[in-house]
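Asker: need a 3D model of the following:
(one chain, ligands or ions: 2)
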Amino acid sequence: MIPIERAVEIVTATAAERRAGRMPPESVELAEARGRVLREAVVSAEDSPPFDKSIRDGFALRAGDVLEPPVHLRVVGESRAGKAFEGSVGRGECCEIMTGAPLPAGADSVVMVEYTERPESGVARVLRSVAEGGGTLRRGAETRAGDLLIPAGRKISLADIGLLASAGRKTPMVSRKPRVAIVATGDELVDPTATPGSGQIRNSNSYTLAAQVIAAGAEPVLLGIARDDLPDLREKIGRALEHDIALVSGGVSMGKYDFVEPVLDELGVTTLFDKVAMKPGKPTVFGYREGTFVFGLPGNPVSTIVSFHMFVRPVISSLLWEESRTDMLEGVLEAPTKCDPERVAIVPAHARFADGAFRVRTASWKGSSDLAGLARSNALVVIPSREGTLAVGENVQFLSLE
Ligand code: AMP
Ligand code: MG
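Answerer: Numbering: from 1, shown residues only. Ligands and ions are numbered 1, 2, ... in the order given. Predicted coordinates:
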C-alpha cells in the first residue's frame, strides 16, 4: 500500500514519460473548440484595437474646446464603423462619429450623442465637457502586435474562442482526444435497461466513468460488461488495451473471483501500484502496456468516481498536453471531522462560499456504494490521515463536483 501523494506522483510521472508522440494535434472548427487543449501558441499579429476608435455614438472633438459647456461646434463630417472620415477636426470643429469608427485626425475625445443637440444642420451644441481621451479606445490598448494571446497547452475558454477568431484562426490545432476504453466487470451486473434478477444489480460505473471521461476532454469507448471468468476478462481487457487508456472497474479486491490483476499480468501489463492508502479507493491498480495506460478501479460506485478524479484525470490531462492545473480548492471546516490514522479519506461534502471563504462539512453517507449520498453533496473533501479529529476552522482541500 502506498500513500496517495506517491500514487499521484507515479501516475503523473509515468504519463509524462510515456506520452511522447501521443495525441497528435488535429484541427477543429472554431465553434467546436471550447474545452479542447490548444497545441499552438497564438500571438497577436496586429494591435487591438487596430486604430484609435470611438466607443460611443456622438461627436469626435478636442476636449480643450468644450471646457465650459454649452459650446457650439461646426460639424465637418462623419466617421462610421468601416468608413473613416478622411479629413481632420480643427479647433471649434467636431465630427459625427459612431461606435467602432476610427477617431479622425485632430480629435482626441468623443462626447456621446445624449449630451449634444443639433440646433441647425452643420452645428452641434455640446452640453458637457469630456476628459481628454474620453469615449475612445487607443490603438493597442487591449493587446499589441507580438503579444502572446493564448499559450499552447491551455484549455480553450469562451473568451479564447473570440480571441482565436480575432487572430484569424478559424480552425485551431488542438490535441486529438485520447480514446478511453471502459470495461465493467462482475457476474452480478446487468445493463441499465434490464430488470435485475436475484442477486443482480445494474451497471452504473460504465456510465459515471464515461461521463467523467467526457468531462476530462477525452472520448469514452464502452466495451460492456465482462463476467468474472478468465476467458471473458482476457477478451474484453485485451480489446481495452488497444486504446490510449483502459479502465476496468471492479474485480481488483481480495475476493475469490477478483481476477483482473492476474489477467492484466497475463496480457503483459506492467503494474506500478495496486493499493493506495485512501478510502474509498484503496484497491486502485495502475500500470501500462506500451503506449496504453491501464487502471483497475475499485467496483464500488463512489470509489470508482473518487479514483477517477484522483488518478485517471491527471493522465488524460497529461496526454492532452494540458498545462498543469490543480482542481483542488481550499476551504475551512464547519464541523469537527474524525481522521483515519491509516488512510487519507476523500468523502462527500457540502461546500458553500460565505464570509470570504469556502465552508466545508462532510455529508452524511452510507459508504462507498452510496451514490445517493454522493448525489446530495456538491464536493469531495480530503481528510488527511492522522490521529484524532480535525477541529472547526481547520483548512482542508476539496474538489468541487459542480
Ligand atoms: P468488486 O470491486 O468487483 O468487488 O465490487 C465491489 C462492489 O461494487 C460490489 O458490491 C459490486 O457489486 C459493485 N460494483 C462493481 N462493479 C459495479 C458496476 N459496474 N456498477 C455498479 N456497481 C458495481
Ligand atoms: Mg466484482
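
Asker: residue boundaries of the strands in the stretch 51-200 of the chain?
Answerer: Ranges of strands in the stretch 51-200 of the chain, per DSSP state E, counting those that start in this stretch, are 53-54, 58-61, 71-79, 93-97, 109-112, 116-120, 123-126, 136-137, 148-150, 173-175, 179-185, 189-190.

Asker: work out for me the element the residue of the stretch 251-400 of the chain found nearest ligand 1 sits within.
Answerer: Nearest to ligand 1 in the stretch 251-400 of the chain, going by C-beta to the nearest ligand atom, is Gly299, at a distance of 2.5 Å. Every C-beta, even on glycine, is put in place using the N, C-alpha and C of the backbone. For Gly299, there is no host helix or strand (DSSP states H and E).

Asker: contacts only, for Tyr288.
Answerer: Thr14, Arg18, Val269, Thr270, Leu272, Val294 (C-beta atoms under 8 Å, 6 or more residues apart in numbering).

Asker: if you set the cut-off to 6 Å instead, what comes out?
Answerer: The contact partners of Tyr288, by C-beta atoms under 6 Å, 6 or more residues apart in numbering, come to Thr270.

Asker: need phi/psi at it.
Answerer: Dihedral pair for Tyr288: phi -150, psi 160, per degrees, to the nearest 10.

Asker: could you do Gly122 as well?
Answerer: With angles defined as degrees, to the nearest 10, Gly122 sits at phi 90, psi 0.

Asker: mind pulling up the pLDDT for it?
Answerer: If you check Gly122, the pLDDT there is 96.

Asker: circling back to that earlier point, save the strands of the stretch 51-200 of the chain as TSV, and put in distance to Leu233 and mean neighbour count too.
Answerer: As requested, the strands of the stretch 51-200 of the chain are exported to TSV (distance: least, C-beta to C-beta, whole Å; neighbours: other C-beta atoms under 10 Å):
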stretch	distance to Leu233	mean neighbour count
strand 53-54	66	24
strand 58-61	74	28
strand 71-79	73	18
strand 93-97	73	27
strand 109-112	72	24
strand 116-120	80	13
strand 123-126	82	18
strand 136-137	64	19
strand 148-150	44	16
strand 173-175	31	21
strand 179-185	7	25
strand 189-190	13	20
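
Asker: closest one to ligand 2 among those strands?
Answerer: Proximity to ligand 2 (C-beta to the ion) singles out strand 179-185 among those, at 5.8 Å.

Asker: before we move on, back to that, which stretch among the strands of the stretch 51-200 of the chain comes nearest Arg386?
Answerer: Of all the strands of the stretch 51-200 of the chain, strand 179-185 sits nearest to Arg386, with 34.4 Å by C-beta to C-beta.
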